Every structure is written in structure tokens, then in C-alpha cells.
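A.B. asks: Got a predicted model here, sequence first, then my questions.
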Amino acid sequence: MQSQDVAPRPAPSSAEPVVDVEQAEAALVEHYPRLVRLAYLVLPPSLGRNRRVVTAHALVQRALPRGKASAPLIPAQSKGRDGDPGYAFVRLQVLRTALEAGLPLRFTAWPRRSQLPPLLPQVWGLRLFPRSGGADELALDQRLSTLSGPGRAAYVLRGLERLPDGDVRAILTAAGCADVDEALNEADEIPAAHHPHLDSPEFDPCSLHARPTDLMRRRQHTRAALAAAAALAVCGALLALPGGGWGPDGAAAPAYAQNPAAEAALDPAKLLRVPPTAWQSSARTDFSVWPARGDLTGDKPLLRRALAVWARPSEHVQVSATPDTPSGGPAGPPQLLYAGDVDSARVVILYDGLRIARYAEPKDGTKGAALDFARVDGADRTEASALVLGRADGNVRYLTAPWVTRAAERDLLKPGAGAMDLGPTGGITSPLASAAQQTGSCASWNVLELTDDTGTHLLTDLGELVPARLTTGRPGAKRDSSGAEGLRVWAPYACSLSAMRSAGVRGVNAWTYAAQALPEANGSADWVCTRAETWSGAGPRVLAQFRTPGGTYGAVAAKAENSPACGTKDPHVLAGVLWKSEAGHWYLLAAGSEGTASIGASGGVTGSAQGKSLVVRARPGAQAELKATLTDGRVLSGLG
């Protein structure tokens, strides 16, 4: 039996080089991670991430020839693989079996080995899946899932293997693809700008997270060993149910345990719903006083699926969470914030006092459902002003708090430009270009500007459910960045926000901690510290940036993680940079924040100065260690 997507393998020609087992094994061992990544990307996403990981490893490990075999004359086009017939042969074997694995099973023919769950390798008691990437990788994974197997193969060969279309065509033909032109046309639907994301940890089956399978189910199976044969028969019947169908709980895994408290949390009728005006009289102003909105708040089957997937997502569900955010089920009935149609998806947003959970499924079914978590404990009025409803085509749409009276879009790189009104209508904004999803050069950085009765606030999308708040000013005296001065402070440093993506960031503050006169009368430079605080309180990211007169962008002079610098607990910072004057002379420039008594440099550059700035002649590429003495006698090291 042959599928319309995979044709019979062409017979090898006598001109093809011969590959023996040793040569193929050497290529397989040397390039094993790349081959497994290729197989993982080509395998159908419907298998689920755990089975895709195991199957990808199995296909690569079975790719060795029996004795000697011919290899196609197709160059590998990558350093270390150029003209290697062993690599070309193994890659072709992996690609062919990965395409076969995506073929539907037929009653009229025996299944192929690659269509069945692999015998080896096997992992018992654990679910394995690659590390989560950012918003760009998630979007690429979703778009790849819409392609056929040959279409995915064509895109991966272009992007991962860097092969021209002529070689891609030759490989797909050798792999048995019946319609190569259609595969290449499908691959054209995804822009080549996404090629670099194929190297992301999101698609690396050799760098894995491990989670337990259903622990309650395993415990019950142990106790069931002493049960009657009838009970075992019932359990076997349940386990034999087909995994490809969607039951009443949609994309949720089967429920093996009956816990009254857990079941109560999954009852749509017990969802908490807040009156529309509760926020006006409540002592709290956060997500707990958001009313339930959307046109599907009465759709009980949808709400049940969302709750069931939250409690026990199946391996078919794409799950993501901000760092240090637990992804387990709710302890009790959560609060409903939204249920409705958003672009091409049905979306449900829930809140349990600690986390926001966003469930999304396609309008035409539950295949491809996604579940995202964000930690929001301790959110204040401004931080609880907006949530991401959906992302599509590089745009993001928000659901705003009931106290928000106006939403607008503003380009942070253009402080003098106006803001474009976004509504909201029924609490939902118009789409705005997402800075977190842009690729290539940073020509703009669009932020969300929200107005309520306390003022106007700026928030930026960093690829998570909750946008991060932008502030300016000295630690302990931060203020909103929406005013003219705040916009001018942020404009040169907006693009540095890309370093804060997908890190669970709660807010980012920009503080101009020093102005330094440049030598040779070259004007005055600004030193700015940008500090990103996270929802978990761990791993804050700190950047010290340097900007010369007339400079469009600031340059990162130093950076650190888990540092108290520029924070309320330690509002001090010291950083240095090598700078070249207009006359071509090199200097080490350093500056400390208020309270710096003196600065010294040692190592490749030596010098010292009283006060909070240092200027020393230096050589290009010189490295120095900075130390500062504060007015209280403490010694401060340079950032980073």
C-alpha cells in the first residue's frame, strides 16, 4: 500500500556512493542531536510531544543500513557534513521513516514499523518533552502543525539543513514524496524569517523536561494487583480506549481518580462569577474583582473542557507557564474572567488567586488546544489592568480591567508621536502590533497605554499572558512612564526590553543614575539602569546602559541576574565601558550612582578618581575590574 503523500522509494543508481555500516554509524553518532531534531520536527504533532520525542530517537537509532547501502548524491551543505555520504544516507532514512510515521493506518495493509509506538527506547513512569521556547517558537510550532508531513519536511530541510530548493527536491523525491511541488508550496506558507527558531530548545528532543505520569493512576494500579479479575478487566477496557478521539472533556487526559474536592473544581456550575460593579466598592482592585465577560460564558461544555484540561492536560495539549509558576490543577472552583471567541479560537480565562490560566481551542474542534499559565499573586491595580486574549499574525489583543476607560497603542521609540486609540469595546482592545513577536531589526516597540481614574500607564508585551509595567525613576520612587519625561527616558532603551522576554517579568524600571562629561569636550553621556522584576521575586535582570550625545540607542555596558543593583534593597550600581572619542582616542569610562565616593580600576586599565565618575586612557580591547567605595564605607563591585 502506498499513500498519495509518499511514493515508493526509487531504486539506487550505480553512480551512487556506497555506505557501509561503520561510515553511517560515525555520521549518526556525530550528528545525532541534529538528526533527532529533524525527525521531531517532521513527525506529526498529533502524536503528542512525549511520543514524538521517543519516536524521533527510535527512528534515528534504526537508521543504520544492513551491511552496505547506496547513498544519494546530495550534499549536506553544512560544516562538518559537506559531501559526507554517511550523513546523507542516515538523514534520508530518518526523513523517510518520519514521513511514513505520519501516514494513516489502513485496514487493507499491515502497518509499517514507523507507524507503531517504538519498542525502544522506552521510558516508564515519566512524560518527556522539550523545554518551552518563547512566543515565536510557539507560533512556529502551531504553523508547522498545519502543514502535511512533506510540507514540514521541505520547510525543515530549508531552515534547519540550509539546503537550496534543488537539493530539497532531490531529497524529498528520494524519500518517496509523491508531490514535491505541493510540499514546497506548503513550505512557502511559513516565512523564511522563522528559520532561526528551528534551532530553539523548543524543538530539541535531546534537552528534555521530565514530569511524572498520572501518579494516582499508578498507585491505583499497584493496589489493583490484589483486586478481582473483574476489576482488572474494567481497568484494561478503559486503558484500551482509542487515544485519538475527543470525549466530553476535549483535550483532557482520562480521569482515573475520583476526588470530591477535585471534582468540585471541575464543575462549570461552581465557577466563581463576580458582579460587573464589584470593583467599584471592593477594598481590593485586582483580578479578583474582574467580572466574567465574553459571549460564551454560558457555554458549559466549553467551560468543562477548559477546567478538565487545566486539571489534567493530555499530551496533545501545548502547555506553557511563566518561570516558577505551578501548572497543576486548581485547588477549588476558580473565577471565570472570560469565555468567548477571539479571532479563530475559543478562549477561556480563569483565575485561582495565584495564577491566570488561559485555555484556547480552535473553533472547529479541540485538536491543537493550548493551555498557558501566568503567576499574578500580589498584582496591584495597574498590574491587573490587562491580559492577553490572543495572538495572531504578529498582533496581540487584550482584555482590559473594568476600571480602564481608554486603551491606546504607542511606539516607545518615538516619544513625540501620538497614541492610536484601541477602544476597548466590551473590555476587548483592537489588535496592536506585538513587540514580543517581532523579528529582525528593532525599528519600533509598540506598547499598551491604559487610562483609568488614577492616571495613564504603560505596559509592554514580553510574550506572556500579563504585560509588564514600565516605570522610570530612582528605586523606591518609581513613577509611570506615560508622561513626556518618562517617554524620553525610555525611547533609547526600548529595544533592550527584548532581553526580558519570557522571563516572568512583572515590571521594568529605567533609572538615569548618572550623567558623565566625556573627555576632549565630546559632550555628556547618560548612564541608565534598567531592572526587570519578576512575579516570583527571583532572577531579576539588570542592564547598565550607556548613551552618548545624539545616540539613537543606548549600548549595554554590563548586565547581571539575581543582582540587588538598582533595586529598593540596594539602590546602587557601578558600570564601565570602553569608549572611543571623535579624535580616535580610547578611554575607560565608569560611573556610579548617587552615594559613590570614589571609583578605582585595576587589571588591564589602572586608575582612580574621587566622586562618582572615572575617566582613564585605555587601549582597544582592554579589560578592567571596577571597584567603588560608597559614602557609607561599603565597597561596590562593577555590575556583571
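C.D. replies: Great, that's in hand. Numbers count the residues shown, from 1 in each chain.
A.B. asks: Is E464 in a helix, a strand, or coil?
C.D. replies: coil (DSSP: H, G, I helix; E, B strand; the rest coil).
A.B. asks: Kindly confirm whether my reading is correct that it touches T534.
C.D. replies: No: with contact defined as Cβ atoms under 8 Å, E464 does not reach T534; the gap is 10.7 Å. All C-beta spots, glycine's among them, are computed from the backbone N, C-alpha and C.
A.B. asks: Could you pull out the residues contacting both of those two?
C.D. replies: G504, V505 (Cβ atoms under 8 Å, 6 or more residues apart in numbering).
A.B. asks: Dump the helix or strand where N185 lies to PDB, restricted to CA.
C.D. replies: N185 belongs to helix 180-187 when assigned by DSSP states H and E. Output of helix 180-187 as PDB, limited to C-alpha atoms (Å, rounded to 0.1, in the frame of the first residue of the first chain):
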ATOM      1  CA  VAL A 180       7.300  17.500  -4.200                       C
ATOM      2  CA  ASP A 181       5.900  20.700  -5.800                       C
ATOM      3  CA  GLU A 182       3.000  20.700  -3.400                       C
ATOM      4  CA  ALA A 183       5.300  20.200  -0.400                       C
ATOM      5  CA  LEU A 184       7.500  23.200  -1.500                       C
ATOM      6  CA  ASN A 185       4.400  25.300  -2.000                       C
ATOM      7  CA  GLU A 186       3.200  24.400   1.500                       C
ATOM      8  CA  ALA A 187       6.600  25.300   3.000                       C
END
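A.B. asks: Could you count how many residues lie near C442?
C.D. replies: 15 (other Cβ atoms under 10 Å).
A.B. asks: What segments of the stretch 351-500 of the chain are helices?
C.D. replies: 484-490 (DSSP state H, counting those that start in this stretch).
A.B. asks: Quick check: which ranges of this protein have low pLDDT?
C.D. replies: 1-20, 66-83, 104-120, 122, 124-125, 127, 129, 132-135, 209-263, 439-440 (pLDDT under 70).
A.B. asks: for it, what spans make up the helices?
C.D. replies: Using DSSP state H, the helices of the chain run over 21-30, 32-42, 49-61, 85-101, 135-144, 149-159, 165-174, 180-187, 215-224, 229-239, 260-265, 278-281, 300-311, 484-490.
A.B. asks: Nearest to G368 among those helices would be which one?
C.D. replies: helix 135-144 (7.0 Å; Cβ to Cβ).
A.B. asks: Would you mind pulling up the elements that that closest one packs against?
C.D. replies: Contact analysis of helix 135-144 by 3 or more Cβ pairs under 8 Å, 6 or more residues apart in numbering; DSSP states H and E lists strand 318-321 as its packing neighbours.
A.B. asks: contacting residues around the strand it packs on?
C.D. replies: Contacts of strand 318-321 (Cβ under 8 Å, 6+ apart): 132, 138, 141-142, 313, 327, 368-374.
A.B. asks: picking up where we left off before, tabulate the helices of the chain (a markdown table), appending distance to G604 and mean neighbour count.
C.D. replies: Converted to a markdown table, the helices of the chain look like this (distance: least, Cβ to Cβ, whole Å; neighbours: other Cβ atoms under 10 Å):
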| stretch | distance to G604 | mean neighbour count |
| --- | --- | --- |
| helix 21-30 | 39 | 17 |
| helix 32-42 | 38 | 23 |
| helix 49-61 | 47 | 23 |
| helix 85-101 | 44 | 25 |
| helix 135-144 | 38 | 20 |
| helix 149-159 | 41 | 25 |
| helix 165-174 | 48 | 18 |
| helix 180-187 | 50 | 18 |
| helix 215-224 | 56 | 13 |
| helix 229-239 | 66 | 11 |
| helix 260-265 | 61 | 13 |
| helix 278-281 | 58 | 14 |
| helix 300-311 | 55 | 22 |
| helix 484-490 | 32 | 18 |
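A.B. asks: Can you point out the buried residues in stretch 400-419?
C.D. replies: 400-404, 407-413, 415, 419 (16 or more other Cβ atoms under 10 Å).
A.B. asks: Sort out for me which of those are in strands.
C.D. replies: Taking DSSP state E, the ones among the buried residues of stretch 400-419 that sit in strands are T400, A407, A408, E409, R410, D411.
A.B. asks: Listing partners with orientation, what would you give for the strand ranked longest in the chain?
C.D. replies: Longest strand of the chain, by residue count under DSSP E: strand 505-517. Neighbouring strands of strand 505-517 in its sheet, by DSSP bridges, are strand 468-472 (parallel), strand 524-534 (antiparallel).
A.B. asks: okay, the angle between the helix holding N185 and helix 85-101?
C.D. replies: Put simply, helix 180-187 runs at 80 degrees to helix 85-101, going by axes from the mean of the first three to the mean of the last three Cα atoms, to 10 degrees.
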